Structure formats: structure tokens, C-alpha cells
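In: Structure, please.
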Amino acid sequence: MKGEVLGAIIKAYTFVVIWMAVSISVILFNKWLLAYSGFPFPIALTMWHMSFCSAVGFICIRVLGLVKSHNMSTKDYMQRVMPIGVLYAASLWLSNSAYLYLSVSFIQMTKSLMPGLVYASGILLGTEQYQCSSAANMVLIAFGVVVCALGEANLVIKGLVQQLVALVFEAARLTLVQILMNARGLAMNPLQSLYYVSPACLLCLCVPFVLVEARPFFTEPPVMYPSVFIANALAAFALNLAVFLLIGKTSALTMNIAGVIKDWMLIFFSYAVFHAPVTRLNLFGYAFCCTGVGIYNWQKLQLLKKKALQKQREELGGKGGPGDAEAQRLLPNGASNGVGSPHGAKSEASKA
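Out: Below is the predicted model of the structure:
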């Protein structure tokens, strides 16, 4: 028994380490490619990623048959997938553009806003219910990001705006995935996601590419090394699989907690690799953000525990049955009726 538990723990930590290593590598790779290698074309880079992912998805599903498709009609595809593709394209375009102006460390700090943005998006689109405790926690995280911005030595407003708008689009995308796909029994694994979402994203990226990057891209073509771009696309694909394995073998909550550790590592990697300045005010503000994210994750965990105990109580006899006393005993003080406890919050949305 102890051996099985130890093996499960080792396996979980292995997936966490793999995901962290691949994620850090991809972020630093993209930053180098866009800001230092002479290829300042974030839309073109994102289009290359989506082209590669579309090809991989098509080969795996239509040629090799490794995964079944959902066999969507054109109408379903336009109604369910295309809106997600539009938001995904905007999010990727703007977030990659931010690398031209902001340091990796500061970009990671701004990503602390994701839980709050997903929560706000869920309220607007009807998948979440407003709770004062959750809203107050999101304000705490937002305050930490403001402190980070005030302490940023090389803050560029254009890059900050691009990054914040990218986060808004990403939050809306995650909420739409929940509404248009998961709620209708069409949850996708990574290969299905590549097959369906990547072509939609690629198509949507063509518009900003023509309007923004096409002229400078073709007037003065950048030096392109095929091996570098193939390696970059493979790294992005590996990250997609690593995320799937991490959530599948552990949980989204584990990914959130590991993400905080990964972001701290990225801050120091950015300082070591790109010599991006990090001030004490930066670190203080980000520590403030991490506190808010930690409280948010703790609230989510408590909510999940409460729901599991309520389900167990219903299965063992319902209200007043023999399982009721056991469930009541396991619940923390005050959690049984939601008074004086964060269990009353109903937020389950964040996948940041």
C-alpha cells in the first residue's frame, strides 16, 4: 500500500516537473525568437504554430486514426468552435506581441490576474455567481499587479495594454469553452483541440497579419532558419501534451499551484538569461498576488471537498440519513450551512 502511494506521488511530481520544464523552455524560446533573433513578427510566429498544430491534428485524426473526431457539421463548427478560435487568435497574437516590449518576469506577474478575469467573465456570461469573498480576493490580486507595474523598471504602456487585453480574451475563451463545448458533452483532448481549434485560429489570424505584418514581412523578409522554427513548433506541441498529461494524471488545482512555483522560477530565469531587471517592489507586488492566488486555490479546494461530502451524504442515505452524521463530522466548523466559511463560494471556472 505504501509503495503504491509512493509511486503515485513520484508519478505526479514527475508530470509536474516535465510540465514546468517544457513551459519555461517554450516561454523563453518565444521571447528570444521575437525580441532577440531578428524575427519581430508575433502574428507570423503564431500562424506558424497554428499551421503546424493543424497539420499534426489532421494527421493524427484523419490519417492515423489515433483519436476519433466529433464529426461536427459546418453549422456546429461555426457556432461552437469559431468563436473560440477568434478569441484564441486574439489572445495569442497580443500575448506574443507583448514579448516585444515587456520582460518575461513582468508578463508572468500580470498572469496572476487570470483567476479574477475568468471569474468576472463567468459572471458576465452566466456560468458563475457573484460572491463578495471571491470578488474581494480578486481585488487583492489586482492590487498586487498594480504594485508590480509601479515597480517595473522598463514598463512600456503599449506592451502592458496588449498583455492585459490578451488576458481578457483568454479568460473569455476559457469561459466559452465551458459554455459551447464542455457543457454539451464535447470536451476535447489535445489532438482533437489541435484538429478543430487550430484551423479556426489560423484563419482568424490571417486578417491581422494582412493588416499589420504582411507589408514589412514581405518587404524586408527576416532571416529564417527552418530548424529553429521547427524546434519552436515542436516545443509548443510538447507543451500542449504536457498540460494534458498533468491535468489528466493530477488535477487542474495541482497545475495552478505548480504554476505559481513555475512563475517564480521564470522571474529568475528571465533575470539570468535576458538580464531583465527585477526590483524589490516587483517582488513584493508579486508576493501579494501569490497570496491572493493561494487563497483562491484554497477556496476552490474547500468547495470541492464540501461538494464531495455532500454527494457522499446523499449516496449514504440523504438528508438525515446515516451518512449525514459522518459528513457533518468531516466538515470544518460552520461549513455545513455555509456561514462564516468560504465554502459558500460557487466559483469553479478558473483554468489559469
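In: Do I have it right that A258 meets V16?
Out: Yes - between A258 and V16 a contact is recorded at 4.8 Å, counting by Cβ atoms under 8 Å. Just so you know, the C-beta spots here come from the backbone N, C-alpha and C atoms, and that holds for glycine as well.
In: Give the intersection of the neighbour lists for those two.
Out: L246 (Cβ atoms under 8 Å, 6 or more residues apart in numbering).
In: where's the lengthiest helix in the chain relative to the chain centroid, distance-wise?
Out: Secondary structure assigned by DSSP state H gives helix 280-316 as the longest helix of the chain. How far helix 280-316 lies from its chain's middle: 17 Å, per Cα atoms, centre = their mean, to the nearest Å.
In: show me the contacts for T74.
Out: By Cβ under 8 Å, 6+ apart, the contact set of T74 is empty.
In: Alpha carbons only: can I get stretch 71-83 in CSV?
Out: Extracted as CSV, the C-alpha positions of stretch 71-83 are listed here (Å, rounded to 0.1, in the frame of the first residue of the first chain):
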residue,chain,number,x,y,z
ASN,A,71,-17.9,14.8,-36.7
MET,A,72,-19.2,18.3,-36.4
SER,A,73,-21.4,19.8,-39.1
THR,A,74,-20.4,23.1,-40.6
LYS,A,75,-23.1,24.9,-38.6
ASP,A,76,-21.9,23.4,-35.3
TYR,A,77,-18.3,24.2,-36.2
MET,A,78,-19.2,27.9,-36.9
GLN,A,79,-21.3,28.2,-33.8
ARG,A,80,-19.2,26.3,-31.3
VAL,A,81,-15.6,26.4,-32.5
MET,A,82,-15.2,29.5,-34.5
PRO,A,83,-15.9,31.9,-31.6
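In: Mind listing what's buried along that stretch?
Out: By 16 or more other Cβ atoms under 10 Å, the buried positions in stretch 71-83 come out as R80, V81, M82, P83.
In: go on, stretch 53-72?
Out: Applying a neighbour-count criterion of 16+ other Cβ under 10 Å, one finds C53, S54, V56, G57, F58, C60, I61, H70 buried in stretch 53-72.
In: Flag the helix or strand of the chain with the lowest per-element mean pLDDT.
Out: helix 322-330 (a mean of 43; mean pLDDT, DSSP states H and E).
In: thinking again about what came up before, and of the buried residues of stretch 53-72, the nearest to L234?
Out: V56 (9.6 Å; Cβ to Cβ).
In: Pull out the buried positions in the longest helix of the chain.
Out: Under the neighbour-count rule (16+ other Cβ under 10 Å), helix 280-316 has 282-283, 285-286, 288-290, 292-293, 295-297, 299-300, 302-303, 306, 309, 313 buried.
In: Helices of the stretch 1-150 of the chain, start to end?
Out: 2-35, 42-58, 74-76, 82-98, 104-110, 114-125, 132-151 (DSSP state H, counting those that start in this stretch).
In: pLDDT value on P115, please?
Out: On the pLDDT scale, P115 is placed at 82.
In: Same check on the one 10 residues further on?
Out: Each residue has a pLDDT score; the one for L125 is 85.
In: Give me the neighbour count for it.
Out: Neighbour count of L125, defined by other Cβ atoms under 10 Å: 14.
In: can you pull the contacts of it?
Out: Contact analysis of L125 by Cβ under 8 Å, 6+ apart lists A172, T175, L176, I179.
In: most surrounded residue in those residues?
Out: Neighbour max across these (other Cβ under 10 Å) = T175, 26 neighbours.
In: Pull out the buried residues from stretch 138-156.
Out: Neighbour counts using 16+ other Cβ under 10 Å place M138, L140, I141, A142, G144, V145, V147, C148, A149, G151, E152 of stretch 138-156 among the buried residues.
In: same thing with stretch 20-27?
Out: For stretch 20-27, burial by neighbour count (16+ other Cβ under 10 Å) applies to M20, V22, S23, I24, V26, I27.
In: ok now that stretch, how far from the chain's centre?
Out: So, by Cα atoms, centre = their mean, the centroid of stretch 20-27 is 13 Å from its chain's centroid.
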